[in-house]
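Engineer: What follows is a predicted protein model with its sequence.
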Amino acid sequence: MNIVVLMAGKSTAFAEKGYMYPKYLLDYKGQPIIQSVVQSLRPLYADLSFVIRKDDDEKAFIASSLQILAPQAHIYKVAHDTKGAVCSALFAIDSINTDDELLIINGDQLLQCDIAKAIDSFRAQDMQGGLIVFRSVLPQWSFVALDENGLVCETSEKRPISDLATAGCYWYKHGKNFVQAAYNIIRKDENHNGNYYICSTYNELILNQKQIGVYEIAAENYLSFATPQLYEENKRK
């Protein structure tokens, strides 16, 4: 399995609040957030790739920290803003455009659950893709709708189409399927406010008759640190 950890998001809002380091290096229970993320992924025994901002690395030596936490990992540096998470993930195309399984996860969040158990669930059901979800209708998230068989029939970005929000953890049976779906949504210009989101790639898989499953966790087990407000709220949990 290949895992891509997305860390190319801006930390501008944190700097404006007086935080010295990019959000991925902020403290969570005595260690940087990204260290907790890496530790949560170790039970998967996967090949790691990190997509980071070049300016974050120049300011805070993120690559050096990652090389200590995951010595065998691939590190891809993004010099400029991208058009969303899909474009950021494609920086790792050399590592993920394969028949191997792929997991894409955000580096500014922590899932307090057994991710391996979720993936085993997708494998057992012979899914082609799978998402970890939690209950919410807040329009800051991505959402999925399920059909009568409990399979994903549609995804939506920032528009609630059910009360199942995605937890920023996306599994694909074959990494090359994600790459092809990513190209398709860019070609079709399927964006939200000019950005292309990972969740949208599942609509492409569904169009190709691929079965997509979900694995639900309790909302309190999804900790996002994407904004200063969320960081302040969740760092105490």
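Structural biologist: That came through fine.

Engineer: Return the residue of this structure that is most distant from the centre.
Structural biologist: What lies farthest from the middle of the chain is Glu148; by CA atoms, centre = their mean that is 26.8 Å.

Engineer: Give me the most central residue, the chain.
Structural biologist: Nearest to the mean C-alpha position of the chain, by CA atoms, centre = their mean, lies Ile105 at 2.7 Å.

Engineer: one step back: ok but the residue farthest from the centre of the chain is inside a helix, no?
Structural biologist: No - read with DSSP: H, G, I helix; E, B strand; the rest coil, Glu148 is coil and lies in no helix.

Engineer: Distance check, it against Ile115.
Structural biologist: Plainly put, Glu148 is 27 Å away from Ile115 if you go by CB to CB, to the nearest Å. For every residue, glycine as well, the C-beta is placed using N, CA and C.

Engineer: need the next SSE after the longest strand belonging to the chain, C-terminal direction.
Structural biologist: In the chain, with assignment by DSSP state E, the single longest strand is strand 164-172. Remark: after strand 164-172, the chain's next helix or strand is helix 175-187, criterion DSSP states H and E.

Engineer: Just want the angle from that next one to strand 164-172.
Structural biologist: Relative orientation of helix 175-187 and strand 164-172, computed by axes from the mean of the first three to the mean of the last three CA atoms, to 10 degrees: 120 degrees.

Engineer: which residues are contacting helix 175-187?
Structural biologist: Outside helix 175-187, the residues within contact range by CB atoms under 8 Å, 6 or more residues apart in numbering are 2, 86-87, 89-90, 93, 96-102, 104, 128-129, 170, 172, 191, 196, 200-205, 210.

Engineer: Buried subset of these, written for PyMOL?
Structural biologist: Selection of buried members from the contacts of helix 175-187 for PyMOL, criterion 16 or more other CB atoms under 10 Å:
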select buried, resi 2+86+87+89+90+93+96+97+100+101+102+104+128+129+170+172+191+196+200+201+202+203+204+205+210
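
Engineer: now the helices: where do they sit in this structure?
Structural biologist: Taking DSSP state H as the criterion, the chain carries its helices at 12-16, 33-41, 54-60, 62-69, 85-89, 93-96, 115-124, 175-187, 201-207, 228-234.

Engineer: Relative to Leu25, which of those helices is closest?
Structural biologist: helix 54-60 (5.8 Å; CB to CB).

Engineer: Having no further points to raise, I will conclude here.
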